[in-house]
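S.K.: mind folding the following:
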Amino acid sequence: MNNEIRKVNFMLWLVKRLPRKLVYWCGIVLFANGTTGNYSNTIASELTVFDALDRWEGTEDNGK
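M.R.: The predicted model follows:
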């Protein structure tokens, strides 16, 4: 099995065992990060999960 697939499978295994309340608050922090600071002009209801993740990782291409 590919090493990357093993990493993904492990992360999914781990995440499924985290307390739901913790995962909930991680989502809140993710979206708060995507709508504050440099992104404070973003309308929260228009932010996609993919854009929020890109912003969290610092890989957003700013529409390029």
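S.K.: which SS class is R17?
M.R.: coil (DSSP: H, G, I helix; E, B strand; the rest coil).
S.K.: that one: how many residues sit nearby?
M.R.: Neighbour count for R17, taken as other Cβ atoms under 10 Å: 7. C-beta coordinates here come from the backbone N, C-alpha and C atoms, glycine included.
S.K.: how close does the residue nearest the centre of the chain sit to N2?
M.R.: The residue lying closest to the centre of the chain (Cα atoms, centre = their mean) is L53, at 3.6 Å. In this view, L53 and N2 are 22 Å apart by Cβ to Cβ, to the nearest Å.
S.K.: hang on, the earlier thing: contact partners for the closest residue to the residue nearest to the centre of the chain other than its chain neighbours?
M.R.: Leaving aside its chain neighbours, L53 sits nearest to L30 (7.2 Å; criterion: Cβ to Cβ, 6 or more residues apart in numbering). Residues in contact with L30 (Cβ atoms under 8 Å, 6 or more residues apart in numbering) are 52-53, 56.
S.K.: many thanks, have a good one.
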